[in-house]
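Q: Show me how the following folds:
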Amino acid sequence: MNILITDDEPLARDRLRHLLGRLEGFQALEYDAGNGIEALELCRKYQPDIVLMDIRMPVMGGLEAAAHISKLERPPAVIFCTAYDTHAIEAFQVQAVGYLLKPVKLEDLQQALSGAAKVNRLQLASLRDELNDNSRSHIAAKTLKGIELVPLDDISYFMADSKYVTVYHKNGEVLIDDPLKDLESEFNSRFVRIHRNALVARKAIERMTRDEQGHYFIQLSGVEEPLSVSRRHVPLMKKFMQSL
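A: Predicted coordinates for the structure are as follows:
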């Protein structure tokens, strides 16, 4: 079985590669990943059977990366590597997700690999709650190229239309199936609703204008056309503009 090692610490990656070399039936990929985005790209390219995934990493952590990886057509099993304390480890046990406590021991690695299973969305959501790690740094969209990751910092606004939501970002736009209501709840500190079908990035708001008919609009930086503000959301947006 092919194993992808993902950890931001080179020494930790070297240790796992050394341990895998002592186990029969398991082989580390030639390439390692130093964060979740690199792991997703390598999973797309090489389709490993199992990913050994650190949790705390820069750019994108292990829980978020595992959520994106689980959406691949052929998702690998994920075993989390963690330095969390015993209380946090109980969360993994309850969810029946593979885990390894650092520093990793050979017998623990062998046992985890033998029992590796694919993690699902409900398990990941529960783990994020248990470990107080609910933040996502990227939005994932399924495209013809596979899964495309859009950094939250690059997103200007979300626009709902029928059952899909369009993500407008600095490099274009993509469709996602996340409900606008869920996006608003998850990212309420970074995005604000201006209409029943629109969430805009707070940091992108430049000004609010009013036309001759009394309709209000929000102008976003980098976006040519202003977005309509519904009558219901005008009072909230007036307060927001005053706070800028």
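
Q: Which secondary structure state does the residue of the chain positioned farthest from its centre sit in?
A: Outermost residue of the chain with respect to the C-alpha centroid, by Cα atoms, centre = their mean, is residue 212; its distance is 42.5 Å. Remark: residue 212 carries the secondary structure label coil [criterion: DSSP: H, G, I helix; E, B strand; the rest coil].

Q: ok, now residue 222?
A: Assignment for residue 222 (three-state DSSP): coil.

Q: same thing with residue 31?
A: Secondary structure assignment for residue 31 (three-state DSSP): coil.

Q: That one and residue 190, how far apart?
A: Counting by Cβ to Cβ, to the nearest Å, the separation of residue 31 from residue 190 is 33 Å. C-betas here are computed from N, CA, C, even on glycine.

Q: which residues touch the residue nearest the centre of the chain?
A: Most central residue of the chain, judged by C-alpha distance to the mean C-alpha position with Cα atoms, centre = their mean, is residue 64 at 3.9 Å. Residues near residue 64 by Cβ atoms under 8 Å, 6 or more residues apart in numbering: 36, 135, 136, 137, 138.

Q: Restricted to buried residues, select the residues you listed in ChimeraX.
A: Selection command for ChimeraX covering only the buried members of the contacts of residue 64, criterion 16 or more other Cβ atoms under 10 Å:
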select :36,136,138
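
Q: Which two among the contacts of residue 64 are spaced furthest apart?
A: The span of the contacts of residue 64, defined through Cβ to Cβ, is set by 36 and 135 at 12.6 Å.

Q: ok, the residue nearest to the centre of the chain to residue 75 distance?
A: Taken as Cβ to Cβ, the spacing of residue 64 relative to residue 75 amounts to 14 Å.

Q: Now for the residue nearest to residue 158 when sequence neighbours are not counted, how many residues are close by?
A: In space, residue 158 comes closest to residue 199 once its chain neighbours are excluded; the distance is 4.4 Å by Cβ to Cβ, 6 or more residues apart in numbering. By other Cβ atoms under 10 Å, the residues close to residue 199 number 23.

Q: Likewise for residue 69?
A: Taking other Cβ under 10 Å as the criterion, the count of residues near residue 69 is 28.

Q: And residue 174, by the same measure?
A: A total of 18 residues lie near residue 174 under the criterion other Cβ under 10 Å.

Q: for residue 178, same thing?
A: Neighbouring residues of residue 178 were enumerated by other Cβ under 10 Å; the total is 16.

Q: so what's the closest residue to it other than its chain neighbours up against?
A: Taking Cβ to Cβ, 6+ apart as the measure, residue 178 lies nearest to residue 165, with 6.0 Å between them; neighbours along the chain are not counted. For residue 165, the contact set (Cβ under 8 Å, 6+ apart) comprises 158, 159, 175, 176, 177, 178, 179, 180, 183.

Q: ok, of the residues you listed, which come out buried?
A: Using 16+ other Cβ under 10 Å, the buried ones in the contacts of residue 165 are 158, 159, 176, 178, 180, 183.
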